[in-house]
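1. quick one, what's the 3D model for this:
(chains A and B)
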Number of protein chains: 2
Amino acid sequence: MTSFKTVLAEIKWSSVLKRTTINDIARELNISFSTVARALNDHPAISTATKEAVRETAQRLNYRQNKLASSLRSGYTKVVGVVVPSLDVSFFSSVVHGIERIMNENGYSILLYQSNESFEQEAKGVGTFLQSRVDGIIASVAKETETYEHFAEIKKRNIPLLFFDRAPEILGAPAVLIDDYKGGFLATEHLIKQGYKRIVHITASKTINIFKERLRGYTEALKFYNLPVDESLIMYGDFSIEFGRACIKKLYEQKVSFDAVFALEDFTAMGVLQQLKVYQVQVPEEVGVIGFANESFAALVTPGLSTMDQQTVRMGEEAAELFLKMLKAVNAYENPPGKTVLDPILIVRESTSRTA
Amino acid sequence: MTSFKTVLAEIKWSSVLKRTTINDIARELNISFSTVARALNDHPAISTATKEAVRETAQRLNYRQNKLASSLRSGYTKVVGVVVPSLDVSFFSSVVHGIERIMNENGYSILLYQSNESFEQEAKGVGTFLQSRVDGIIASVAKETETYEHFAEIKKRNIPLLFFDRAPEILGAPAVLIDDYKGGFLATEHLIKQGYKRIVHITASKTINIFKERLRGYTEALKFYNLPVDESLIMYGDFSIEFGRACIKKLYEQKVSFDAVFALEDFTAMGVLQQLKVYQVQVPEEVGVIGFANESFAALVTPGLSTMDQQTVRMGEEAAELFLKMLKAVNAYENPPGKTVLDPILIVRESTSRTA
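-> Have a look, this model is predicted:
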């Protein structure tokens, strides 16, 4: 166990009170910025006397020299800010654990900010992180967000920015994503192979890209296996336990015949399971149910919920690795690391194990 | 929806780059600190010319006047840091939501840091927040933490510090707690009233105060209802799904007779339910099970898990309200707001509803 003394030693305590800049030293000695900068870098054009004076003043003012290329900035904080919709959702908290592990190993601390799916909160979070002078920001975009000025501001300041899972295409920032199309395809294919034929898909009415991709995977899988794409089996709306329940109620009220449900994410699938239980429908015998995300409760409920695992910890680790490249680059955006797309993994539990 | 422009306007962008202090203005004009301070406060002893010069310089350097008592500090950030063991645990993420709601309403942003139950991580988190110059810190202590220098450091700097749920007694910092003794008593009393007689209690071997209090509540309830306190029914160890399973295995291997389990928290209770299912024991008919914390999965599992609700959102709100008092005080520790102790609430679900 590291003692608090060691931890203290690693923290730049001088910067807690006031970060001394080259300008402060220049002002103190009444010499130019460039003279101070060159003195600190032991430039031959600067006299020994000046170098001495600069060093003495730098020491007195607790100046911490930044040896990296962008030393003109006021100094690195070794803190990275992460903006996520909600840490209640185990998908996000799990990705964050992956990010933390790698970043901590590399000497960075992670501060978290929850947007609670609100655009306003998200923009405030970005502002707070910039104000706290984080070295970079990793983000997953809120449900409500439709404009991206706040993220553009980060890039404009040349501060590294990377997205995971929910990434706005237009900014061209590096991102770590899941292949949601493939996830939708694999989930639907699994249901088809279990013998289900009339498969409902619950999707979001909002134009969130990941959900559109899952829907596309669903329709393509049906076509691939020569099953009809029946619009009456596609339910558009929200995502929540309540919405999952409401969908099943609606299907029963409208007497729509179906034998399986692929819900866009696990909370909605949970609502589906609950409402089927109310109607005393046997899962998986009469109706099969699959979700998406492998939320922590999916393994704990009865019947266990089949779902698509998103390799969350790996996603966080990949995001951190890419981000480290940006942090180490002289210019984070000159040669950005691009996109990483991970494959989702099918997790089969009782809720679809009809032929087991 | 607030535009990003409005959000931007609310953020002290000047401080993003460099926080200008009274000292900077004094140095720039070659006058004393107190002259600048008095000029900014329109003091009659200062000449109009000096005031003009100070104002012009303050504006040029983007100086933001701090009108509060402690204006000698470099300025408030309107950011509060929250250090929690893990946001995977819905108890903590739910308290954080309560804190966020109240603090956001009062113009504060909340940044989060996860200790992951590690002392070292926790100390680093505190250091990171101090480095980021947060206005105050709210914390719940990690499992591993046994010394409190890092928290003492916050208090020494006269920065507001408040604990919730897991609070070290010795620091005398304000705290919002749950009456864990009462929770242990009520959980055990409920089992007794349902007719259970040989009640196992799973508790932690570590000396975490909240778990000692729950154990005390358990033994006092048994005594109150004239039931024997049988040491073979008290299982000491860890808390996790795995440990809950292990406890049931051990009880069966050792042929200990029991008809109910009160687990120190819900994940452990979940493990108990899973292992009882393996042994095909009927819950609640043969064995009743109650947990503690009302984790989000407790309502979703089958049978639904009875538990003690800790009024998490209210706990967060109370913590935020107390904290605002500290933030507004000239000296946060001169007249600290003391402790708030909330009552846990019994939540009865299927896992103990034998007489229902």
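2. domain ranges for chain A?
-> Split into domains by automatic domain parsing, chain A comes to A:4-74, A:79-178+A:312-342, A:180-311.
3. hey, least reliable of these by pLDDT?
-> Among these, domain A:4-74 carries the lowest mean pLDDT, at a mean of 66.
4. name all residues that make contact with A:Ala139.
-> Residues near A:Ala139 by Cβ atoms under 8 Å, 6 or more residues apart in numbering or on different chains: A:82-84, A:122, A:126, A:151, A:161-164. (Glycine included, C-beta is placed from N, CA and C.)
5. A:Asp343 now?
-> When the contact criterion is Cβ under 8 Å, 6+ apart, the partners of A:Asp343 are A:178-179, A:182, A:311.
6. in helices, which of the contacts of A:Ala139 fall?
-> Using DSSP state H, A:122, A:126, A:151 are the members of those that sit in helices.
7. was I right about the last one contacting A:Gly172?
-> When you say that, I think you mean A:Phe151. No. If you go by Cβ atoms under 8 Å, A:Phe151 and A:Gly172 don't touch, sitting 10.8 Å apart.
8. more neighbours, the two?
-> Taking other Cβ atoms under 10 Å in any protein chain shown, A:Phe151 and A:Gly172 do not tie; A:Phe151 has more neighbours (25 against 13).
9. number of residues surrounding the spatially closest residue to the more buried one that is not a sequence neighbour?
-> With Cβ to Cβ, 6 or more residues apart in numbering or on different chains as the criterion, A:Phe151 has its nearest non-adjacent residue at 5.7 Å, and that residue is A:Leu171. Neighbours of A:Leu171 under the rule other Cβ under 10 Å: 15.
10. repeat for A:Thr302
-> Neighbours of A:Thr302 (other Cβ under 10 Å): 16.
11. cool, and A:Thr188?
-> For A:Thr188, the count of nearby residues is 26 (other Cβ under 10 Å).
12. just checking, it touches A:Leu222?
-> Yes. The criterion here is Cβ under 8 Å, and A:Thr188 meets it with A:Leu222 at 6.5 Å.
13. which neighbours do the two share?
-> Counting by Cβ under 8 Å, 6+ apart, the shared contacts of A:Thr188 and A:Leu222 are A:Ile199.
14. re earlier: list the residues that contact the residue nearest to A:Phe151.
-> A:148, A:151-152, A:155, A:161, A:163.
15. name the SS class of the residue with the largest distance to the centre of chain A, please.
-> No residue in chain A sits farther from the centre than A:Ala49, which is 51.7 Å out by Cα atoms, centre = their mean. Using DSSP: H, G, I helix; E, B strand; the rest coil, the structure places A:Ala49 in helix.
16. and the gap between it and chain B?
-> Distance of A:Ala49 to chain B, given as Cβ to the nearest Cβ, to the nearest Å: 22 Å.
17. now do A:Thr352
-> In terms of Cβ to the nearest Cβ, A:Thr352 sits 17 Å off from chain B.
18. repeat for A:Val256
-> Taking Cβ to the nearest Cβ as the measure, A:Val256 falls 26 Å from chain B.
19. re earlier: for B:Gly217, which of the domains of chain A is the nearest?
-> domain A:180-311 (26.4 Å; Cβ to Cβ).
20. tell me where chain A has strands.
-> For chain A, strands defined by DSSP state E occupy the ranges A:79-84, A:109-114, A:136-139, A:161-164, A:175-178, A:199-204, A:234-237, A:260-263, A:288-290, A:307-309, A:339-342, A:345-347.
21. deepest-packed of those strands, please.
-> Of the strands of chain A, the one with the most neighbours on average (mean count of other Cβ atoms under 10 Å in any protein chain shown) is strand A:260-263, at a mean of 30.
22. who touches it?
-> Contacts for strand A:260-263 (Cβ under 8 Å, 6+ apart): A:184, A:187-188, A:191, A:194, A:196-202, A:218, A:239, A:244, A:247-248, A:269, A:271-272, A:287-292, A:352.
23. what about it, distance to the chain center?
-> 26 Å (Cα atoms, centre = their mean, to the nearest Å).
24. one more: stretch A:319-327?
-> Stretch A:319-327 sits 13 Å away from the centroid of its parent chain (Cα atoms, centre = their mean).
25. I figured A:Gly127 was touching A:Ile154, is that so?
-> No. Between A:Gly127 and A:Ile154 there is no contact, the gap being 10.1 Å when judged by Cβ under 8 Å.
26. who wins for neighbours among the contacts of A:Asp343?
-> Using other Cβ under 10 Å as the neighbour criterion, A:Ile178 leads those with 25 neighbours.
27. tell me the contacts of it?
-> If you count contacts by Cβ under 8 Å, 6+ apart, A:Ile178 has them with A:165, A:210, A:310-311, A:315, A:341-344.
28. bridging residues for A:Ile199?
-> A:Ala260 (DSSP bridges).
29. CA atoms only for stretch A:279-296, dumped as CSV, please.
-> C-alpha atoms of stretch A:279-296 as CSV (Å, rounded to 0.1, in the frame of the first residue of the first chain):
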residue,chain,number,x,y,z
TYR,A,279,-49.7,-12.2,-19.0
GLN,A,280,-48.4,-15.6,-17.8
VAL,A,281,-46.6,-16.1,-21.1
GLN,A,282,-43.8,-18.8,-20.8
VAL,A,283,-40.3,-17.5,-21.6
PRO,A,284,-38.5,-18.9,-23.7
GLU,A,285,-41.1,-21.6,-24.6
GLU,A,286,-43.8,-19.3,-26.0
VAL,A,287,-41.8,-16.1,-26.5
GLY,A,288,-38.0,-15.6,-26.7
VAL,A,289,-36.5,-12.3,-25.4
ILE,A,290,-33.1,-10.8,-26.1
GLY,A,291,-31.7,-7.4,-25.1
PHE,A,292,-28.6,-5.5,-25.8
ALA,A,293,-25.7,-4.3,-23.5
ASN,A,294,-25.3,-7.1,-21.0
GLU,A,295,-26.3,-4.9,-18.1
SER,A,296,-25.3,-6.3,-14.7
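30. circling back: identify the farthest-apart pair in the contacts of A:Asp343.
-> Maximum pairwise distance among the contacts of A:Asp343 (Cβ to Cβ): 12.2 Å, between A:Lys182 and A:Gln311.
31. what do these two both touch?
-> The contact lists of A:Lys182 and A:Gln311 share A:343-344, where a contact means Cβ under 8 Å, 6+ apart.
32. quick check: A:Arg27 touching B:Arg27?
-> Yes. A:Arg27 lies in contact with B:Arg27 (Cβ under 8 Å); the separation is 5.9 Å.
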